[in-house]
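S.K.: My questions are about this predicted structure, shown below with the sequence.
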Amino acid sequence: MHIYLPIAEMSANVWVFLGMGWAVGFISGMFGVGGGFLLTPLLIFSGIPPAIAVGTGGAQVVASSVAGALAQYRRNNVDIKMAGVLLIGGIFGGVIGVQIVRILRAAGQFDLVVALCYVLFLGVIGGLMMIESANAMRKVRAGTVLSHRQSGQHGWVHHLPLKMRFHRSKLYISAVPPLMIGAFVGFMAAIMGVGGGFILVPAMIYLLRMPTSVVIGTSLLQIVFVTAATTIMHAWSNHSVDIVLAAMLILAGVIGAQAGASAGSKLKGEQLRFMLAALVLLVCVRIGIDLVVTPAELFSLDRLKGDL
């Protein structure tokens, strides 16, 4: 069964995108990430224009993050004040990112920039995650007790100005690092169509030294608002959010997330991280191949048609 996507201006198989939404939802529920880092490339691989994939992928990330944020809030695992500081930076970064997307689209370079961003960030983060999880599994097999970083050890962050007290996270640190982290994540959300959790969570744990139990909920809350803002800005400024496509992805993603959460509960933490790292690197390699191989069509009239 096919359906016409008005913004993407193409006909699409409903079952393909429902299956895609379910699969990304399953991965989101299993690994505790928004899934945008996987959804946007999958949409591009399936023929959706990159600008539409980025904007529409953001809408799906918002929906998949709302339920998780609410659940974490009910468990008192959200630092509202920290989320607010991150949000301020995120909105600022998102505004800049949306304007850069508009400029890159006008110059015809947006597709290349998105691909390069994915290869760079997914390659680095996936590689680091793979090394860390492999070492953790090796230590577990050897019977070594894994050490965990303690919250409250701030290092260089402790010496910056504009200090604030974050009671839920039990931190007294400068507001500058959260603002900068939030701005970077907002910028990436606008450029890559991701929630930014795969960047935000490690930064909150290793740079801000927040307790892990509070990191997930705070990250999800920030992702909801920043990604919602960037999605609205994409729809308003770039007209790149396809509501029909987003509805299919969201519907299937909610169902898939429940199955993924159930499956993820049966695996150990280091195993989940290793599998997620492998998935991230697989996506990175797939995008990298598309950058170097000769395309089937050396010339395209898509931009000309859009200007008519």
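M.R.: Great, that's in hand.
S.K.: for the stretch 1-150 of the chain, what spans make up the strands?
M.R.: Applying DSSP state E, counting those that start in this stretch to the stretch 1-150 of the chain gives strands spanning 2-5, 10-13.
S.K.: Next, format those as JSON lines and append mean neighbour count and distance to Ala71.
M.R.: (Each C-beta comes from the backbone N, C-alpha and C, glycine too.) Shown next, in JSON lines, are the strands of the stretch 1-150 of the chain (neighbours: other Cβ atoms under 10 Å; distance: least, Cβ to Cβ, whole Å):
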{"stretch": "strand 2-5", "mean neighbour count": "14", "distance to Ala71": "32"}
{"stretch": "strand 10-13", "mean neighbour count": "14", "distance to Ala71": "32"}
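S.K.: Looking at the ones you listed, which is nearest to Met233?
M.R.: Relative to Met233, the nearest member of the strands of the stretch 1-150 of the chain by Cβ to Cβ is strand 2-5, separated by 20.6 Å.
S.K.: And the closest one, what does it pack against?
M.R.: On a contact count with 3 or more Cβ pairs under 8 Å, 6 or more residues apart in numbering; DSSP states H and E, strand 2-5 meets strand 10-13, helix 243-264.
S.K.: Arg165 is in contact with Ala175, correct?
M.R.: No: Ala175 sits out of contact with Arg165 when judged by Cβ atoms under 8 Å, with a separation of 10.5 Å.
S.K.: Neighbour count: the two, which is higher?
M.R.: A side-by-side neighbour count of Ala175 and Arg165, using other Cβ atoms under 10 Å, places Ala175 first with 19 against 10.
S.K.: quick one: low-confidence parts of the stretch 101-250 of the chain?
M.R.: With pLDDT under 70 as the threshold, the stretch 101-250 of the chain has low-confidence stretches at 144-158, 193-198.
S.K.: ok, back up a step: do you know which of the strands of the stretch 1-150 of the chain lies nearest Gln99?
M.R.: Between Gln99 and the strands of the stretch 1-150 of the chain, the tightest spacing by Cβ to Cβ is seen for strand 2-5, at 25.4 Å.
S.K.: With just CA atoms, put that closest one into CSV.
M.R.: In CSV, the C-alpha atoms belonging to strand 2-5 read as follows (Å, rounded to 0.1, in the frame of the first residue of the first chain):
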residue,chain,number,x,y,z
HIS,A,2,1.4,3.4,-1.1
ILE,A,3,0.7,6.9,0.2
TYR,A,4,1.8,10.3,-1.1
LEU,A,5,4.1,12.3,1.1
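S.K.: Each with direction, which strands does it pair with?
M.R.: strand 10-13 (antiparallel) (DSSP bridges).
S.K.: all helices of the stretch 1-150 of the chain, in order?
M.R.: Taking DSSP state H, counting those that start in this stretch as the criterion, the stretch 1-150 of the chain carries its helices at 14-31, 36-45, 50-74, 80-107, 110-142.
S.K.: and those helices as a markdown table, adding distance to Ala247 and mean neighbour count?
M.R.: Putting these into a markdown table (distance: least, Cβ to Cβ, whole Å; neighbours: other Cβ atoms under 10 Å) gives the following:
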| stretch | distance to Ala247 | mean neighbour count |
| --- | --- | --- |
| helix 14-31 | 10 | 22 |
| helix 36-45 | 14 | 25 |
| helix 50-74 | 9 | 24 |
| helix 80-107 | 22 | 20 |
| helix 110-142 | 23 | 16 |
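S.K.: Alright, that wraps it up for me.
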